[in-house]
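>>> Quick one, fold the following:
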Amino acid sequence: MSPSVPPPLDRPHFIGIGGAGMSGIAKILAQRGARVAGSDARESETAAALRALGATVHIGHAAAHLAPDATAVVVSSAIRDDNPELAAARARGLPVVHRSDALAALMTGTRPIAVAGTHGKTTTTSMLAVALTGLGLDPSYAIGGDLDAPGSNAHHGGGEIFVAEADESDRSFHTYDPEVAVVLNVELDHHANYASLEEIHDSFVTFVGKVRPGGTLVVSADQPGAVELTRRVRAAGRPLRIVTVGEAAGADVRVTRITPHGLTSEVAVVLDGRPLAFTVSVPGRHYALNAVAALAAGVALGVPAEELAGAIAAYTGVKRRLQLKGEAAGVQVIDSYAHHPTEMTADLEAIRAAAGEGGRVLVVFQPHLFSRTRELGAEMGRALALADASLVLEIYPAREDPIPGVTSALIVAAARAAGADVTPEPDREAVAEAVAGMAKPGDLVLTMGAGDVTDLGPRILARLGS
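Presented below is the predicted three-dimensional model:
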C-alpha cells in the first residue's frame with residue numbers, strides 16, 4: 001500500500017461512486033494506488049472514467065458487490081440506511097467512512113484551501129485548481145463538478161496545495177482543518193438539515209473555527225450573511241487572519257470595477273494597496289467576485305498575485321455553470337446549475353447582460369427538492385421574472401420523498417404574480433418542441449436546475465437544428 005493512502009482506505013468500496021463528491025475522492029485514491037471499487041445506480045461517463053483508472057464499478061446496488069477483501073465502505077449523506085451494501089458492510093463489521101472524513105484524510109500533510117458558501121463553491125474551487133495547475137504548482141483538488149471532461153473533478157497532485165470544495169449542506173465541512181478557508185456567502189438553504197439561518201451561521205462559525213492556527217479566512221465583504229459571519233468570528237477572537245474581499249469600501253481586497261464583455265469580464269482590484277486588473281473568462285458579476293476570492297486565497301498561501309491573476313483567466317468554466325452547450329438556428333443553449341433563488345437571479349442577470357440588444361432570455365427551469373421548493377418557491381418564481389419567458393418542469397426529488405401540497409405550481413403562481421411569462425410543462429419529452437416554437441435567432445435558452453434538466457440541452461439543440 002502506498003504511504004499516501006490513509007488506512008483503512010487501501011481497498012475502499014464507494015456506495016454511489018458516480019456522484020460528484022464521491023467520484024473525486026475515489027479518483028484521488030486510485031491515483032495514489034488504492035484498489036478502488038464501488039457501485040452506482042446507473043451507467044455514466046464518470047463510471048467509465050473511474051474504470052479507466054483501474055476502479056471496479058458495479059451498476060445497481062447489491063450486497064454481492066461488496067468485495068470479500070474490502071477494508072472500508074465510503075458513503076455520503078444521500079445513502080439510506082437500508083442500502084444492501086451498507087447493511088452488508090455493517091454485518092461484516094467494516095468501517096463505514098463518511099465522504100467528508102475520507103476527503104479530510106486525503107488532505108493530511110498538505111496545505112488545504114477549503115472553499116465554502118451557499119453558492120459559488122464549485123466555480124471558485126475550479127478557478128483555483130486551473131490557475132494553480134497553470135502555474136506549475138500541481139495542486140491536488142476535489143471539486144463538485146467536472147472541469148472539462150468526465151472525471152476531471154479531482155486530481156492527486158505532487159504539489160503541497162490541496163484545494164477542496166467544502167459542503168455545508170450536511171455539516172460535513174466541519175471535518176476539515178484548512179490553512180485557508182474561503183466563505184463566499186451564508187444564506188438559508190438545505191432545509192432538511194437546518195431549521196433556521198441561525199443554525200447555518202453556527203455551522204459556518206464551527207467551520208471557521210477549524211482553520212489551522214495562523215491560517216487565513218477569506219470572506220465576502222458584500223454579502224450580508226458573510227459580513228455577519230465575520231463579525232461573529234472577530235467577536236470570538238479566533239487566532240486567524242481575516243481577509244475581506246468585494247466591492248465594499250472597506251474590503252481588504254477591493255473590487256473597483258467589473259466590466260462585462262459578452263461572455264467574459266474585466267475585473268480591477270486593489271490588493272495590498274496596488275491596483276491589479278485581469279480577465280475572467282466566464283460571464284457575470286458573481287463569477288467575477290468568485291475569481292477575486294480565488295485570487296485572495298492563493299495569495300494567502302504565498303502565490304504571487306500578478307501571476308495568479310493571469311492564470312485565473314485560463315479558467316473557462318465548469319460543466320453546468322453557465323456552460324455553452326451549443327448553437328443552432330442562431331439560438332445559443334446554455335446550461336445552469338442554479339437552483340437557489342440567489343443563484344438563479346445571478347445567472348439570469350449575467351445572461352441578460354450577455355444577450356445584448358434584441359436577444360431574449362428563455363428558461364427551462366426544473367425545481368430541485370421538495371423541501372427547497374416549499375421554503376423558497378416564491379423567491380424562485382420572482383427570479384424567473386428576469387427571463388422573457390420560462391417553462392417550469394416538475395420538481396426533481398433527488399433524495400427526498402414528496403411533501404403533500406408542494407409542487408412546481410407554487411413557483412408558477414409566484415412567477416405570474418411577479419409579472420413573468422411562465423408556462424408549466426409536466427412532460428419533459430415536450431420541452432424541445434416547445435422551446436423550438438418559442439425561440440428566434442439571437443435568443444439565449446437556459447436549462448436551469450440541479451437535476452436532470454441538463455439532459456434537455458442537446459435535445460433542444462437537435463430540434464432547433466432540424
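
>>> Spatially central residue in the protein, please.
Centroid-nearest residue in the chain, with CA atoms, centre = their mean: Thr122, separated by 3.4 Å.

>>> how about it, secondary structure?
helix (DSSP: H, G, I helix; E, B strand; the rest coil).

>>> and Thr108, how many residues sit next to it?
The burial count assigned to Thr108 is 11, neighbours taken as other CB atoms under 10 Å. C-beta: built from backbone N, CA, C; applies to glycine.

>>> hang on, it in a strand?
No: under three-state DSSP, Thr108 falls outside any strand and is assigned coil.

>>> Next one, pLDDT for it please.
Looking at Thr108, its pLDDT reads 95.

>>> ok, it - contacts?
Listed by CB atoms under 8 Å, 6 or more residues apart in numbering, the contact partners of Thr108 are Pro6.

>>> follow-up on the earlier one: so the residue nearest to the centre of the chain sits right up against Tyr141, yeah?
No: the pair Thr122 / Tyr141 is not scored as a contact, 11.2 Å apart, by CB atoms under 8 Å.

>>> Report the secondary structure element holding Gly136.
Of the helices and strands defined by DSSP states H and E, none includes Gly136.

>>> typo on my end, Pro458
Here Pro458 is assigned to helix 456-465, by DSSP H and E.

>>> Go through that helix and flag the buried ones.
Buried residues in helix 456-465, defined by neighbour count with 16 or more other CB atoms under 10 Å: 456-457, 459-461, 463-464.

>>> where along the stretch 151-300 of the chain do the helices fall?
197-209, 224-236, 285-300 (DSSP state H, counting those that start in this stretch).

>>> from these, which stretch is densest packed?
helix 285-300 (a mean of 26; mean count of other CB atoms under 10 Å).

>>> ok, for Pro275, nearest residue in space, not its chain neighbours?
Ala268 (6.6 Å; CB to CB, 6 or more residues apart in numbering).

>>> thinking that neighbour is in contact with Val280, fair?
No: in this structure Ala268 lies outside contact range of Val280 using CB under 8 Å: 11.2 Å.

>>> And those two? Which one has more around it.
Neighbour count, other CB under 10 Å: between Ala268 and Val280, Val280 has more, with 26 against 14.

>>> Among the helices of the stretch 151-300 of the chain, which comes closest to Asp421?
Nearest of the helices of the stretch 151-300 of the chain to Asp421, taken as CB to CB: helix 285-300 at 24.5 Å.

>>> and the closest one, how far from the chain's centre?
From the chain centre to the centre of helix 285-300 is a distance of 15 Å (CA atoms, centre = their mean, to the nearest Å).

>>> In PDB, please show the C-alpha coordinates belonging to that helix.
Extracted in PDB, the C-alpha atoms of helix 285-300 (Å, rounded to 0.1, in the frame of the first residue of the first chain):
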ATOM      1  CA  ARG A 285     -20.700  39.800 -11.700                       C
ATOM      2  CA  HIS A 286     -20.900  36.800  -9.300                       C
ATOM      3  CA  TYR A 287     -18.300  34.800 -11.200                       C
ATOM      4  CA  ALA A 288     -16.000  37.900 -11.200                       C
ATOM      5  CA  LEU A 289     -16.300  38.100  -7.500                       C
ATOM      6  CA  ASN A 290     -15.600  34.400  -7.200                       C
ATOM      7  CA  ALA A 291     -12.400  35.000  -9.100                       C
ATOM      8  CA  VAL A 292     -11.400  37.700  -6.700                       C
ATOM      9  CA  ALA A 293     -12.000  35.300  -3.700                       C
ATOM     10  CA  ALA A 294      -9.800  32.700  -5.500                       C
ATOM     11  CA  LEU A 295      -7.100  35.300  -6.000                       C
ATOM     12  CA  ALA A 296      -7.100  36.200  -2.400                       C
ATOM     13  CA  ALA A 297      -7.000  32.600  -1.300                       C
ATOM     14  CA  GLY A 298      -4.000  31.800  -3.500                       C
ATOM     15  CA  VAL A 299      -2.200  34.900  -2.300                       C
ATOM     16  CA  ALA A 300      -2.800  33.900   1.300                       C
END
